[in-house]
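Visitor: I need the structure of the sequence given here:
(2 chains)
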Amino acid sequence: MHSTSALSFSQATSLPTTNYAFHSHSAVNLRFCGLRRQAFGFSFSTHSTSTRLRLSTRAHSYKISASDGNNGTPPKSFDYDLIIIGAGVGGHGAALHAVNKGLKTAIIEGDVVGGTCVNRGCVPSKALLAVSGRMRELQSEHHMKALGLQVSAAGYDRQAVADHANNLASKIRNNLTNSMKALGVDILTGFGTILGPQKVKYGKVGSTYTLVTAKDIIIATGSVPFVPKGIEVDGKTVITSDHALKLEFVPDWVAIVGSGYIGLEFSDVYTALGSEVTFIEALDQLMPGFDPEIGKLAQRVLINPRKIDYHTGVFATKITPARDGKPVIIELTDAKTKEQKDTLEVDAALIATGRAPFTNGLGLENINVLTQRGFVPVDERMRVIDANGNQVPHLYCIGDANGKMMLAHAASAQGISVVEQVTGRDHVLNHLSIPAACFTHPEISMVGLTEPQAREKAEKEGFEVSVAKTSFKANTKALAENEGEGLAKLIYRPDNGEILGVHIFGLHAADLIHEASNAIALGTRIQDIKFAVHAHPTLSEVIDELFKSAKVKAPASTSTSSPVTEPVSA
Amino acid sequence: MANVLQTSFLPSTSSLRRTSISGSKGKSQALQLKAKIREIFMPALSSTMTEGKIVSWMKSEGDKLSKGESVVVVESDKADMDVESFHEGFLAAIMVEEGGVAPVGSAIALLAETEDEIAEAKAKSQSSSSSSHKVVEEQPKQIEETAPDVPAAAAPTVSASKTVALGSAAHPASDGGKRIVASPYAKKLAKELKVDLGTMAGTGPNGRIVAKDVEAAAAAGIVAASPAKPAPVAPGIELGTVVPFTTMQGAVSRNMVESLSVPTFRVGYTITTNALDALYKKIKSKGVTMTALLAKATALALAQHPVVNSCCRDGNSFTYNGSINIAVAVAIDGGLITPVLQDADKVDIYTLSRKWKELVEKARAKQLQPHEYNTGTFTLSNLGMFGVDRFDAILPPGTGAIMAVGASQPTVVASKDGSIGMKNQMQVNVTADHRVIYGADLAAFLQTLAKIVEDPKDLTF
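Guide: This next block holds a predicted model:
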C-alpha cells in the first residue's frame, strides 16, 4: 500500500498522468456559494495505469492492529455506508459526493450545520469584509476624486453591519442543511463518539445516546480558535474570531495577536470601521505564512499606510480583559530572550493565533489513536493512523481535525477524495494545487510553493527555478478601476515549464488564482497554458501576462488537445 | 526578489578610513576618526526611468542597516521596487521624504558607518540637500567627494527631537510617566509631523495620546520652536532664496490647507465700546487687561449660545463642548500660538486677567503645557493693536468658530433720534463652520455679545 502511494503521488511532482478527467460526477459541480473547493488535485489511479496496484474497497489488505480486536468484532450489516462526524464544509462536501456515489450517508452534528466556516469563519467574515471594502473605497477621497466621484462622509451602523454578517451565515447554513436533506442525507443531532471499528454513538450531552454502525466513518470535527496560555478570553474585550464576527463593538484601539489570514482580515475590517490596530506577531516578520515578497508588498499597502502599528518577535504572554475601569493589559515578552519587553494598554484584544483541532470526546482512545497536539494523524489518503503506526480500517479524518491544510475547501476536497476511495477508486489529493486566499483590500492569494520553499526544493532535487512577475500597474482593467497596486508572481521550472507556485496580491486576487491552481491540479505546463486566450480587458490578463513572461526552454506540447492550434499574438 | 542595486551606495569619502581599523597605515593618530558617510542614490530601475518617487522609507533615521536589507521603496515608471542596502551602517539622514521625487542618480539619503557619525551626516545632508540635483547633471553614478569636516555653521541644526521647552507631562496611563501610551495612528502622525510624544498629555481613554492630541500639538506649532532654531526675522532673510518651512511652519501650512475642507462663512458686527472702555479704565489698575475683558464677554455670550461653542469632528454630529475655553492668538517669534483661558465664563475677571498674564509669559518662554494651548473651543484673534479695523480669520481645524477683532476707533455715529455723535466702535467678524453653526446662530450670538459689551456690568460680576 505505502509503496504504491510513494510511487506516483509525491505532492510536488505533478506528472502528466495526473491529467485525468473527473468523469461521471456531475454532482460535484453542485457548488455551495463558493464554499466548495474550486480546484482539485485529483490523480486517479485508473486501470490503465499499470504501475499501480489496483485497489478495491471491499478487499483492502489492511493490517488490523491488536487493539482493534479488543473492541469487539465489527458488525456484519451496517446502518449506513458512511457516517460523517461533523457537518462543516468538509463533512458537507463529503456527504454530497457520497450520495452522488450511491452511498447511504448520515452526518452527525453536535452544534449547527455549517461548522466554523459558515457560522464563525469564512462566511460571516466575508460579509464584514464586503462592508470594509466599500467603506474603504468611500472614505478614500483621493480615490473617489480620481474617478470623478463626489461622496459625502461615509458612515455605518454597527448593528446593521453585524446583522448582515449574521444573516449571511444563517442563509448559507439553511442552504447547506436543505441541500443535504434534499439529497437524503440523514442529519443526526448530537455529539458523535467512536466506540469501536465502524461503530459510533451520538446524542446530546447528558441525554441518552444512540448507537449507529457504518461501513466507513469520516471524522470531520474541525477546529476551534487557539488561545495560548496566559490569555484570558472574556468574550467582550479579549476575544477570538468567534466573538469578533458578531461585531458587538468597534473598539477605538484593538490589538490583534497573530498576523496570519485571520488577523489580517480583521485588521482590514477594524481599520475600515475606524479602529486603530496594533499587531503582535511572535515571528520576526509580519505575515509569516506568505511569500516574502508578497508579504513585503502587502505590508506596504495593507499595514503601513493604515492606522496600524506592530510589535514583531514578541509573545503576548499575559492578556487581562478590561475591568474596574482599567483597559485591556497585554504583557509582551521577547520571543528570543524571554524577557518582558513592553506592556500595552488597549481597548480590546483579538486572539488570532491560529486554530486548534476539535477532537476531544471523539472516543479515539477506543480505537488506540493518539492525537498529535490534538490533530488526528492520517496518511496521504486521510486514513487514520493509530498509536502503533497502523491504519485504522474504515476510519478517515478530513479537514482541520487532521491539520494537513486548515482551509474549508481543502477539507471538502479531502472528503471527496475519501469518498472516491471508499467507492473503489484510489485517489490522493495534491495539496499543492489547493489555493488559499486572504480577503483583505486588495486581496492576497496563493497556490503551491513560496519562493524560498521552491528554491529549497530545487536545491535538494537539483533543478533550476525561475521567477516571473507582472504588475497590476500594467493592466488596463486594474487601471480603469484605479487599483493598479498589485503584483502577480510565478515560480516555475524553466526546464520543463512546471508551475511550482503562484502568488497574487491585488484587486480580486482571490478570484484570479484559480487559473493557476487548475493548471497545477491538471499538470498543465506554462508553455501550453500561455496560448490560452483571455478576454480583454480583464484582470485575468495579469495572469496571462505572467505565463507569457515566463521563459521556458521546453517547447509547447503538440499532443495537447487544446482547441487553440495557433499561437495567439499578444 | 528585490533587486540589489550595486550602484546605489557609494562611499563618499574615498580614502579616509578609520585608522584604528586599517591598521597603522598612514597617520598614527589612532584617535582621529574620520567620518565615512555614503550617499544613497536614486537607482535607475529601468532603462526608461529618469526619476523615481519614494514610495516609503522602510527604515527611519538612526536605524541600523545590514547589508542586503531593504531600505526604501521606489516607484518607477513601471513598478514599485525595494532597494536594498549594499553596505552596513546607520541610516543617518533622509534627504527625500516619502512621496518626494528625485532624479535618477541624485542622493536620497546618507548612510553613516557608525552611530557617532549620524549627526555629522545629518548636518551634511542639510548643507548639501539643495545641491543634490546638480550632482545628477554632472555624473549620475560617480563617487562624490564630500568634505569630512562639518562646516561649523551647519553643525547644530540637527535636532530631530524638539520640544525641549515643553517639559515632561505625566501620563496617567503610563507607569508614572515612564512609558508613553499612544495609539498606533497617534504614533504614526507624531512621526510624520515630527512631534515628540514624550512631551504631550493625552486626552484619550486612560490618558492615552490619540491622533487629535498630536494634531493639536502640531497645530499649536510650539513644537518646532526649539531654542536652536534661528528666528526667521526680516534682516536675516536672504532675498532670492527658497527657505523650506520649519516644522512649525509646516504644521501651520498643513492646518491651513486642512481648513479648506471645512465649509466656513462669516458674519460681521459693529459693537460700540464706550462702556467697555470706561470699565477698562476703571479696573485697569487692578490688573485687568482688555484681552481678558473681551474673552470674558465672549465667554458669557457663548454660554447663552452653546451651538457657537460646538464643533464638528466627524462630519456627522455636533460636539457640544462641556466648557467654554477661549483661545487667544498670540504672535511669537517665528509663528503663532493660542494660549487658552479655560472656563472663561466661570472664572472671574481678575483671576482671568492674572491667568492671561501668566499664559503670555509662559508662551514667550515657550513653556506652555499642551493643555494650555490645545484645548480651546472658540478662538479670538485681535489685530486691533496694529490699527486694523477689520479682517478675516481662518477657522482652526477642530473648532467651530473664530472671531477676528478689529481696533476700537472713534466713529461718527448717527443715532435713531436723529442726533449725530462720536462713539468708539469696533468691528468683529466671526468665521464659523456652517456644518454646525448657521447664520442665525452667529447673528444671535453677536447680538448677545454686543449687548454684553455695550452694557458690561456682568463682566465684573
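Visitor: Tell me how far B:Val308 lies from B:Val96.
Guide: Per Cβ to Cβ, to the nearest Å, B:Val308 is found 45 Å from B:Val96. C-betas here are computed from N, CA, C, even on glycine.
Visitor: again but with A:Asp242, I slipped
Guide: 47 Å.
Visitor: Out of those two, name the residue with the larger neighbour count.
Guide: B:Val96 (22 against 17; other Cβ atoms under 10 Å in any protein chain shown).
Visitor: List, one by one, the residues from the stretch 101-250 of chain B near chain A.
Guide: By Cβ under 8 Å from any Cβ of the partner chain, the part of the stretch 101-250 of chain B that sits against chain A consists of B:173, B:179, B:181, B:183-185, B:187-188, B:204-206, B:208, B:210-211.
Visitor: In strands, which of these fall?
Guide: Among those, none falls in strands (DSSP state E).
Visitor: Pipe the residues you listed into TSV and attach neighbour count and distance to A:Phe439 per row.
Guide: Below are those laid out as TSV (neighbours: other Cβ atoms under 10 Å in any protein chain shown; distance: Cβ to Cβ, whole Å):
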residue	neighbour count	distance to A:Phe439
B:Ala173	20	34
B:Arg179	14	36
B:Val181	25	32
B:Ser183	27	26
B:Pro184	23	22
B:Tyr185	22	23
B:Lys187	19	27
B:Lys188	20	25
B:Gly204	19	31
B:Pro205	19	31
B:Asn206	16	33
B:Arg208	24	31
B:Val210	20	29
B:Ala211	19	27
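Visitor: Can you tell me which one of those carries the smallest pLDDT value?
Guide: Lowest pLDDT of those: B:Ala173, 46.
Visitor: ok so, going back, and which of the residues of the stretch 101-250 of chain B next to chain A is nearest A:Asp386?
Guide: B:Pro184 (49.2 Å; Cβ to Cβ).
Visitor: residues touching that closest one, list them.
Guide: For B:Pro184, the contacting residues are A:253, A:276-278, A:307-309, by Cβ atoms under 8 Å, 6 or more residues apart in numbering or on different chains.
Visitor: near chain B, which residues of the stretch 401-550 of chain A show up?
Guide: Contact residues (Cβ under 8 Å from any Cβ) of the stretch 401-550 of chain A with chain B: A:451, A:467, A:471, A:473-474, A:487.
Visitor: and the residue in the stretch 301-450 of chain B that chain A sits nearest to, what is it in contact with?
Guide: With Cβ to the nearest Cβ as the measure, B:Gly315 is the residue of the stretch 301-450 of chain B nearest to chain A, at 3.6 Å. Going by Cβ under 8 Å, 6+ apart, B:Gly315 touches A:152-153, B:435.
Visitor: quick check, it in a strand?
Guide: No: going by DSSP: H, G, I helix; E, B strand; the rest coil, the assignment for B:Gly315 is coil, not a strand.
Visitor: For it, give me phi and psi.
Guide: phi 80, psi 0 (degrees, to the nearest 10).
Visitor: picking up where we left off before, just the closest of the contacts of B:Pro184 to A:Val447, please.
Guide: A:Ile308 (27.2 Å).
Visitor: buried ones in stretch A:329-339?
Guide: By neighbour count on 16 or more other Cβ atoms under 10 Å in any protein chain shown, the buried set for stretch A:329-339 is A:329-333.
Visitor: Which of those residues fall within strands?
Guide: Counting by DSSP E, the buried residues of stretch A:329-339 contribute A:329-333 to strands.
Visitor: and which of those residues is nearest to B:Trp356?
Guide: A:Ile329 (41.6 Å).
Visitor: Residues in a beta bridge with the closest one, which ones?
Guide: A:Thr320, A:Glu345 (DSSP bridges).
Visitor: same deal with A:Thr213?
Guide: A:Lys199.
Visitor: for it, what are its contacts?
Guide: A:Thr213 touches A:75, A:77-80, A:198-200, counting by Cβ under 8 Å, 6+ apart.
Visitor: where's B:Val262 relative to B:Leu446, distance?
Guide: For B:Val262, the distance to B:Leu446 - Cβ to Cβ - is 20 Å.
Visitor: what do you get for B:Ser183?
Guide: Applying Cβ to Cβ, the value for B:Ser183 to B:Leu446 is 39 Å.
Visitor: and the nearest residue to A:Ser207 once chain neighbours are set aside, how many neighbours?
Guide: Closest residue to A:Ser207 apart from its sequence neighbours, by Cβ to Cβ, 6 or more residues apart in numbering or on different chains: A:Gly190 at 8.0 Å. Neighbour count of A:Gly190, defined by other Cβ under 10 Å: 17.
Visitor: right, and A:Gly190 touches A:Ile107 too?
Guide: No: using Cβ atoms under 8 Å, A:Gly190 makes no contact with A:Ile107, being 11.5 Å away.
Visitor: hmm, back to that, now that we have the residues of the stretch 401-550 of chain A next to chain B, can you turn them into JSON lines and tack on secondary structure, distance to B:Phe41 and neighbour count?
Guide: Supplementary listing: those in JSON lines, determined by DSSP: H, G, I helix; E, B strand; the rest coil; distance: Cβ to Cβ, whole Å; neighbours: other Cβ atoms under 10 Å in any protein chain shown:
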{"residue": "A:Glu451", "secondary structure": "helix", "distance to B:Phe41": "28", "neighbour count": "19"}
{"residue": "A:Val467", "secondary structure": "strand", "distance to B:Phe41": "26", "neighbour count": "17"}
{"residue": "A:Ser471", "secondary structure": "strand", "distance to B:Phe41": "23", "neighbour count": "18"}
{"residue": "A:Lys473", "secondary structure": "helix", "distance to B:Phe41": "23", "neighbour count": "20"}
{"residue": "A:Ala474", "secondary structure": "helix", "distance to B:Phe41": "26", "neighbour count": "14"}
{"residue": "A:Leu487", "secondary structure": "strand", "distance to B:Phe41": "25", "neighbour count": "25"}
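Visitor: Out of these, flag the one nearest to A:Glu137.
Guide: Distance ranking of these against A:Glu137, using Cβ to Cβ, places A:Lys473 first at 18.9 Å.
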